[in-house]
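Asks: From the sequence below, what's the structure:
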Amino acid sequence: MTRSKPRRPAWALGLGTGLLLILALAGLAFVGGRSLPDRAGPPAEKVGVERVVLRPGSIELNIRNTGADPIRIGQVFVNDTYVDFTGPADPIGRLRSARLRLDYPWQDGQPYKVSMLTSTGLVIEHDIAAAVKTPQADASFFGLMALLGTYVGIIPVVLGMLFLPFLRTIGGHAVRVLLGFTVGLLAFLAWEGISEGFELAGTSGSPFGGAELVVLGASLAFLTLTVIDHRLRRDRGEQAADSARTSNLRLALMISIGIGLHNLGEGLAIGSAYAVGELALGTFLVIGFTIQNTTEGLAVVAPLTERRPPVPRLLGLGLIAGAPAIVGAVIGAGSNNPELSALLLGVGVGAIIQVIVQIAPSLRDPGATSVSSPTLTGIGAGLLTMYATGLLIA
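Replies: Modelled structure (predicted):
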């Protein structure tokens, strides 16, 4: 009788394979680095401008070396005029960042072209479309961003949720039309986030990616919310025989999270635009955002027509959907980073797509295999509503 050998645990086999892979890659890098010839040709120099800070009499550039070789800035010109500047004494290594301070008496509202001449003679240019003083990041400034986020986030969403008593008076077929209207709203928000994210990505010279960050953020948000939804189903023991009320409350929560992540990206864009002087604050802006985002509150309460949730729970859903606009405005005004903006806009897009997937099964009538014409009309009405209200925002 032969004795079987004890099996190694799976974690030990995986650990051994990982160590073997690390050793193989280290050996390949060591041998390959010595056996291959050096790169021929001129240095590959590339610089991305991550942020511009304008103060009276000076222009500060936060730059990052996005090329393959170290880079040294030898001279700087503004509108073809040589200017004195202070910067790092040592070459800027790959993926390293540095700050250049230019002594230049810029004028408010004027365009400028900054040309950086490297030690090898390469000219790297950056355009400032309209010079405007960078706001001072103090308590009053962040308080203003918090107030702006409240105006465009929390207040409109809560106002839209006031339609819940009216929605309870309509029948089940009308509820499906309303859910179709919600899908139209969310689809427009997703497209808006995609277009804004790709537009920001086009202005980014970062080595960390542009459009890739939008796709990465969307994918991570979609997968994360899918995991959260599965966990909510499991924790509540939701099965086929479970009450529709529990399912509808879970759907309302997922819609709130999705809209909240979208409003995070929207607040980020608002704060960034204000920081560079591209946002005109005033009554028209507040009214425009209020009208547009009120429809978001309507979307949150659309699944709750068959139950009477307590007021604190409704307020909680409203805060989840609207409060991220405050966080986004504060982050956007303080950092003004295109890469971060693109990533968070992608997060909002992924969240909204996941919510649309959640709502889609509820659009069909019981026993039907396709969506009815009135529900399709509701989807179109949602798209047109978001388009029309978006025209009110300058």
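Asks: and for the helix or strand hosting residue 142, what are the contacting residues?
Replies: Residue 142 belongs to helix 139-149 when assigned by DSSP states H and E. Outside helix 139-149, the residues within contact range by C-beta atoms under 8 Å, 6 or more residues apart in numbering are 135, 267, 270-271, 274, 281, 323, 325-330, 332-334. C-beta: built from backbone N, CA, C; applies to glycine.
Asks: Going through those residues, which ones are buried?
Replies: Neighbour counting with 16 or more other C-beta atoms under 10 Å marks 135, 267, 270-271, 274, 323, 325-330, 332-334 as buried within those.
Asks: State the pair within the residues you listed that is farthest apart.
Replies: The largest separation in those, counting by C-beta to C-beta, is between 135 and 323 at 22.4 Å.
Asks: Spell out which two among the contacts of helix 139-149 are the most distant pair, please.
Replies: 135 and 323 (22.4 Å).
Asks: ok, residue 314 - contacts?
Replies: 161, 164, 301.
Asks: where's it relative to residue 156, distance?
Replies: Residue 314 is 15 Å from residue 156, where distance means C-beta to C-beta, to the nearest Å.
Asks: Same question for residue 170.
Replies: Counting by C-beta to C-beta - residue 170 and residue 156 are separated by 22 Å.
Asks: Name the residue in these two with the higher neighbour count.
Replies: Shown here are residue 170 and residue 156; by other C-beta atoms under 10 Å, residue 156 has more neighbours (26 against 12).
Asks: re the thing from before, show me the contacts of residue 314 that map onto strands.
Replies: Among the contacts of residue 314, DSSP state E puts none in strands.
Asks: Quick check: residue 181 touching residue 383?
Replies: No. Using C-beta atoms under 8 Å as the test, residue 181 is too far from residue 383 to be in contact (9.3 Å).
Asks: Have a look at these two and say which one is more surrounded.
Replies: residue 181 (23 against 18).
Asks: and the helix or strand hosting that one, what other elements does it pack with?
Replies: Per DSSP H and E: residue 181 is located in helix 172-202. Secondary-structure packing of helix 172-202 (3 or more C-beta pairs under 8 Å, 6 or more residues apart in numbering; DSSP states H and E): helix 211-235, helix 244-275, helix 283-301, helix 338-359, helix 373-390.
Asks: Now it: buried residues?
Replies: 175-190, 192-194, 196-198, 200-201.
Asks: hmm, back to that, so among the contacts of residue 314, which ones count as buried?
Replies: Here, 16+ other C-beta under 10 Å leaves 161, 164, 301 buried among the contacts of residue 314.
Asks: Need the nearest residue in space to residue 87, chain neighbours excluded.
Replies: residue 100 (4.4 Å; C-beta to C-beta, 6 or more residues apart in numbering).
Asks: How many residues are close by residue 149?
Replies: Residues near residue 149, counting by other C-beta under 10 Å: 28.
Asks: where's it relative to residue 352, distance?
Replies: 19 Å.
Asks: how far away is residue 233 from residue 326?
Replies: When residue 233 is compared with residue 326 (using C-beta to C-beta), they lie 30 Å apart.
Asks: what's the answer for residue 313, then?
Replies: With C-beta to C-beta as the criterion, residue 313 and residue 326 are 21 Å apart.
Asks: just residue 71 next, same as before
Replies: Taking C-beta to C-beta, one finds residue 71 at 39 Å from residue 326.
Asks: any idea whether the nearest residue to residue 114 once chain neighbours are set aside is helix, strand or coil?
Replies: In space, and not counting its chain neighbours, residue 114 is closest to residue 126: 4.7 Å by C-beta to C-beta, 6+ apart. Applying DSSP: H, G, I helix; E, B strand; the rest coil to residue 126 yields a three-state assignment of strand.
Asks: Might one say that residue 126 is in contact with residue 61?
Replies: Yes. Residue 126 is within contact range of residue 61, at 7.1 Å (criterion: C-beta under 8 Å).
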